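S.K.: Next one to model:
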Amino acid sequence: MGRTYSVYKGEQSGQLVYIGTTVQEPSARFRWHKANGKPFKFTVIAQFTTAQEMLDEEYRLIQLHKPKHNKITHRKQNFNVKLTPVQLQARVGDKEWCQCCLKRRVNIGYSACMNCAKDTK
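M.R.: Model prediction:
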């Protein structure tokens, strides 16, 4: 059986306050959230066979509901996996990505992420 990509919601007092994704067993992810200060009622709302479908649905739901506990709301999340050499090469010259490590996004006007910038000081 392949990996399952889940989108879930967190509710507090009957209000949707968080949208998240996981490739873990959802109950394990929910325990992690509760142990780290998000004592919400979590429910899986969709499951997919690809990471891209999962991330697209998460972004759609965040844009639709604007949950107050989501931090990144203006763009899709990254899927945190090891990047291939081809993926890294595609980021060379792209001002959205750190040109030192090619792994982190940068703020407008910067060419290096905060992590790489501190290493050059």
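
S.K.: Buried residues of the helix or strand of the chain with the lowest mean pLDDT, list them for me.
M.R.: Lowest by mean pLDDT, DSSP states H and E among the helices and strands of the chain is helix 114-119, with a mean of 79. By neighbour count on 16 or more other C-beta atoms under 10 Å, the buried set for helix 114-119 is residue 116. From N, CA and C alone the C-beta is placed, and that goes for glycine too.

S.K.: In PDB, list the C-alpha atoms belonging to it.
M.R.: The C-alpha coordinates for helix 114-119 follow below in PDB (Å, rounded to 0.1, in the frame of the first residue of the first chain):
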ATOM      1  CA  MET A 114      18.100  34.000   7.100                       C
ATOM      2  CA  ASN A 115      20.000  30.700   7.800                       C
ATOM      3  CA  CYS A 116      22.500  31.200   5.000                       C
ATOM      4  CA  ALA A 117      22.800  34.900   5.700                       C
ATOM      5  CA  LYS A 118      24.000  34.300   9.300                       C
ATOM      6  CA  ASP A 119      26.600  31.800   8.000                       C
END
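
S.K.: So what touches it?
M.R.: 98, 100, 101, 104, 110 (C-beta atoms under 8 Å, 6 or more residues apart in numbering).

S.K.: What number of neighbouring residues does the fourth one come out with?
M.R.: So that's residue 104. 14 (other C-beta atoms under 10 Å).

S.K.: what's it in contact with, if anything?
M.R.: Contacts of residue 104 by C-beta under 8 Å, 6+ apart are 97, 98, 113, 114, 115, 116.
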